[in-house]
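J.: structure here, sequence nowhere to be found:
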């Protein structure tokens, strides 16, 4: 079993910065792609950014140029640096990871964190 634990959410004014982190723990052979999703009230969960184990990144258009995702493979941790925050970035941010618990677990299993609230004031 694998757990994802997020931290770093909170309250920030427009234009400010926050940094989120998410660490995977448990029975892990390899953590493949890690990602951050967010869900605002009344809206569907959306992909914000992802990063492969090799460091290739994807960003949604709404955060490109403002957010940066990095990871530390030795710590099974992904980080999300959020700069120039906007009111519309307010949401619960969820960490997602595809994890192989053993070498034979070729496709891995998808796991979700419980989420961390990010609130940006106008």
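T.: Nice, thanks for sending it over. This structure is a prediction, so every number in the text was calculated from the model and none was measured.
J.: tell me where this protein has strands.
T.: Under the criterion DSSP state E, the chain contains strands at 2-7, 10-13, 18-26, 30-39, 46-51, 57-59, 67-72, 77-82, 91-100, 109-112, 116-121.
J.: need those in CSV (columns: mean neighbour count and mean pLDDT).
T.: All C-beta atoms are positioned from the backbone trio N, CA, C, and that covers glycine. Listed next are these as CSV, based on neighbours: other C-beta atoms under 10 Å; pLDDT from 0 to 100:
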stretch, mean neighbour count, mean pLDDT
strand 2-7, 17, 96
strand 10-13, 12, 96
strand 18-26, 18, 98
strand 30-39, 20, 98
strand 46-51, 18, 98
strand 57-59, 15, 98
strand 67-72, 18, 98
strand 77-82, 22, 98
strand 91-100, 21, 98
strand 109-112, 14, 97
strand 116-121, 17, 97
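J.: mind listing what the nearest residue to residue 13 once chain neighbours are set aside touches?
T.: Using C-beta to C-beta, 6 or more residues apart in numbering and skipping residues adjacent in sequence, the residue nearest residue 13 is residue 121, 5.1 Å away. Residue 121 makes contact with 11-14, 87, according to C-beta atoms under 8 Å, 6 or more residues apart in numbering.
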